[in-house]
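Participant: build me a model from this:
(one chain, ligands or ions: 1)
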Amino acid sequence: MGTRPLLNRRLTGMGTTIFVEMSALAVATGSVNLGQGFPDTDGPASIAQAAADAVLAGKGNQYPPGPGVPELRSAIAEHQQRFYGLTYDPDTEVLVTAGATEALAAALLALLEPGDEVIAFEPFYDSYAACIAMAGATRVPLTLRAPGFRPDLDELRALITPRTRLLLLNTPHNPTGTVLTPEELAAIAELAVEHDLLVITDEVYEHLVFSGTHHPLAALPGMRERTVSISSAGKTFSFTGWKVGWVTSSPELVAAVRTAKQYLTFVSAGPFQYAVAEALRLPDSYFEDFRADLTRKRDLLSAGLTAAGFRVFEPQGTYFITTDITPLGEKDGLEFCRSLPERCGVVAIPNVVFYDNTEAGRSHVRFTFCKRDAVLEEAIERLARRQGR
Ligand SMILES: Cc1ncc(COP(=O)(O)O)c(C=O)c1O
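Facilitator: As a prediction, the model looks like this:
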């Protein structure tokens, strides 16, 4: 095989994600895992039943249509209309994907040429860096800085070059919990139009907003035809294993993304697509109760982390709380997270792995609160008794 590394150089350094390392540590030490963001209770029983019914009725057990089953595409279009007043044609402007992850990969692979630059908020969700690299493009981070984690719009303007092809936005933002305001979105839209940029928006936490509301960038003037809006069912309905995601955009952008997507998975999750169509049509009370429940969990964990001595940056949305460990007399989040399971039986994620400018996130640690109250309470108690305090 010679001396050439097996892994191509675009993916060098992306060997195992932090989630694999930390989840293994959680198992080995019997820790409470507040690392990876998945709920420990399933979503609505009626929706689980709809998936079981679909399997037994032979709906979606064979390859579904490439763009997604018509029932789901219609339900996605209805959802965009119902919550945001956005009109999409289910036949030409909606594409179903294997989670938001595939939608992101397909969009980046479809829209980028080698050498293009992509501006993305950092800390970034880890698949962004890998997919931009696989497309041969370059990521350009716009650092969201503590304590507010707001995007500096002058800095954004300064980062735009003739090679900038697209902006990759995530709102609500993982891991900081930042939700972009209408004013920030308007300023970003103006820049995108001025510089003729494409935009990909990752909106998987659209229904997990605790203060204010989520606003899709695509609703702003001049944005619909240049924005690929991405979301998925995993977080909103607490079925992260189903991996049903979607894209809404102009017919031209959807066609481009579909071209890449058809050579990734082609199709996926047939029966689950029918169940997600039902989920998207759940009454407003589902979405309100879900938000209220998560707000309560956020407040529970936030109070516990504060009591244990962490500096808590209150998130406006998502499953996550970012903290600063400096008040604990600690500096290095990675070291802290590697020793925390041994020291007190809790697993968290060091934000530094989501940065290029590692200094900005060195002392930040992320905890998820999408867990049962008893689990959160146990973690809080363990953190309060932490050795070496
Ligand atoms: C910001 C962000 N985007 C995308 C995803 C992946 O979504 P999916 O499970 O639908 O692929 C996640 C999951 O954690 C996420 O946090």
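
Participant: now the residue of the chain found nearest the ligand. Nearest residue, chain neighbours left out?
Facilitator: When scored by CB to the nearest ligand atom, the chain has G99 as its residue closest to the ligand, at 2.5 Å. For the C-beta atoms, the positions are set from N, CA and C on the backbone; glycine is no exception. Closest residue to G99 apart from its sequence neighbours, by CB to CB, 6 or more residues apart in numbering: K243 at 3.8 Å.

Participant: how far away is that neighbour from E21?
Facilitator: 22 Å (CB to CB, to the nearest Å).

Participant: then E78?
Facilitator: 41 Å.

Participant: quick one: distance of the helix or strand in which A28 is found to the chain centre.
Facilitator: Here A28, judged by DSSP states H and E, is contained in helix 18-29. Distance of helix 18-29 from its chain centroid, counting by CA atoms, centre = their mean, to the nearest Å, is 20 Å.

Participant: tell me the helices and strands packed up against that helix.
Facilitator: strand 32-33, helix 333-344, strand 346-347, strand 349-350 (3 or more CB pairs under 8 Å, 6 or more residues apart in numbering; DSSP states H and E).

Participant: just the residues contacting it, thanks.
Facilitator: 31-33, 35-36, 126, 337-338, 341-342, 345, 347-350, 353 (CB atoms under 8 Å, 6 or more residues apart in numbering).

Participant: can you check what pLDDT the model gives G388?
Facilitator: For G388, the model assigns a pLDDT of 57.

Participant: I misspoke; the intended subject was A24.
Facilitator: Checking the pLDDT column for A24, the value is 92.

Participant: burial count for it?
Facilitator: 12 (other CB atoms under 10 Å).

Participant: would you mind listing what in the stretch 201-350 of the chain touches the ligand?
Facilitator: 202, 204, 232, 234, 240, 243, 245 (CB under 6 Å from any ligand atom).

Participant: which of those sits closest to G68?
Facilitator: G245 (9.9 Å; CB to CB).

Participant: hmm, back to that, and the residue nearest to G99, how many neighbours?
Facilitator: 19.

Participant: pretty sure it is touching A103, no?
Facilitator: No - at 10.6 Å, K243 does not count as touching A103 under the criterion of CB atoms under 8 Å.

Participant: contacting residues around Y63?
Facilitator: Contacts of Y63 (CB under 8 Å, 6+ apart): 266-267, 270.

Participant: what do you get if the cut-off is 6 Å, keeping everything else the same?
Facilitator: Y63 makes contacts with V267, as judged by CB atoms under 6 Å, 6 or more residues apart in numbering.

Participant: ok, back up a step: tell me which residues in the helix holding A28 are buried?
Facilitator: 18-19, 21-23, 25-26, 29 (16 or more other CB atoms under 10 Å).

Participant: for E278, state which of those is nearest.
Facilitator: F19 (29.9 Å).

Participant: what lies in contact with stretch 6-14?
Facilitator: Outside stretch 6-14, the residues touching it (CB under 6 Å, 6+ apart) are 130, 133-134.

Participant: out of these, which is most surrounded?
Facilitator: That'd be A133 among the contacts of stretch 6-14, by other CB under 10 Å, with 19 neighbours.

Participant: now it: closest residue in space, sequence neighbours ignored.
Facilitator: That would be R10: by CB to CB, 6+ apart, it lies 4.5 Å from A133.

Participant: hang on, that neighbour in a strand?
Facilitator: No - under DSSP: H, G, I helix; E, B strand; the rest coil, R10 falls outside any strand and is assigned helix.

Participant: for burial, what's the neighbour tally of it?
Facilitator: There are 14 residues near R10, going by other CB under 10 Å.
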